[in-house]
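Engineer: 3D, please:
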Amino acid sequence: MTPPARTAGMALISAIFLIVVLVALGASMSSLSNVEHDTAAKSIQAARVYYGAKSGLEWAIQQTISDPAPPARCVGAGPFTLTATGLEGVSVTIQCEAAQYGSGTTAYTFYIRSVATIGSAPGALGYAERRMEATVANIP
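Structural biologist: Got it, this is the predicted structure:
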């Protein structure tokens, strides 16, 4: 017994539709995998520059307040590249400004900024930047 003529091509159309749906699903999963990989890589870069900026800021604070003898010194440096494990290639620049309390005193306020970058240029793939600031006073 043969099927009616109206249903003869229905299995072929269903098979082609199923193949198209599976190909589209595979392509979207591949795209999502690439996005996830890029997001993870950028998250690691962001963490590296965060800790680079934080270490630069802590270094500058320690250098600024370690010498209690007047005149107060404001330490700025950079750019220098970190070599610690996990921070290789992170470039840090330290800027510092000092303001004196009153006249004839040795009390200062230091405004310290640390900028850490990794990568070639702003806007390029693999580029990340983090800025941190702190205010430190050597009030006697």
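Engineer: past the lowest-mean-pLDDT helix or strand in the chain, which element shows up next along the chain?
Structural biologist: Across the helices and strands of the chain, mean pLDDT, DSSP states H and E gives its lowest value to strand 77-81, namely a mean of 79. Using DSSP states H and E, the helix or strand that follows strand 77-81 in sequence is strand 91-100.
Engineer: relative to that following strand, what are the paired strands and their orientations?
Structural biologist: When sheet partners are counted by DSSP bridges, strand 91-100 sits next to strand 77-81 (antiparallel), strand 108-118 (antiparallel).
Engineer: nearest to Leu18, out of the ones you listed?
Structural biologist: strand 108-118 (46.6 Å; Cβ to Cβ). Just so you know, the C-beta spots here come from the backbone N, C-alpha and C atoms, and that holds for glycine as well.
Engineer: residues contacting Ala134?
Structural biologist: With contact set as Cβ atoms under 8 Å, 6 or more residues apart in numbering, Ala134 has these partners: Leu57, Ile61, Tyr111, Ile112.
Engineer: so how far is the least confident helix or strand of the chain off the chain centroid?
Structural biologist: What separates the centre of strand 77-81 from the centre of its chain is 18 Å, taken as Cα atoms, centre = their mean, to the nearest Å.
Engineer: run through who's touching that strand.
Structural biologist: Contacts for strand 77-81 (Cβ under 8 Å, 6+ apart): Gly56, Ala60, Gly89, Val90, Ser91, Val92, Thr93, Ile94.
Engineer: mind listing what's buried in stretch 106-124?
Structural biologist: Using 16 or more other Cβ atoms under 10 Å as the test for burial, stretch 106-124 gives Tyr108, Phe110, Ile112, Arg113, Ser114, Val115, Ala116, Thr117, Ile118, Gly119.
Engineer: do stretch 124-140 as well
Structural biologist: Ala128, Glu129, Arg130, Met132, Val136, Asn138.
Engineer: what bits of this protein have low per-residue confidence?
Structural biologist: Along the chain, the parts satisfying pLDDT under 70 run over 1-8, 67-72, 102-105, 139-140.
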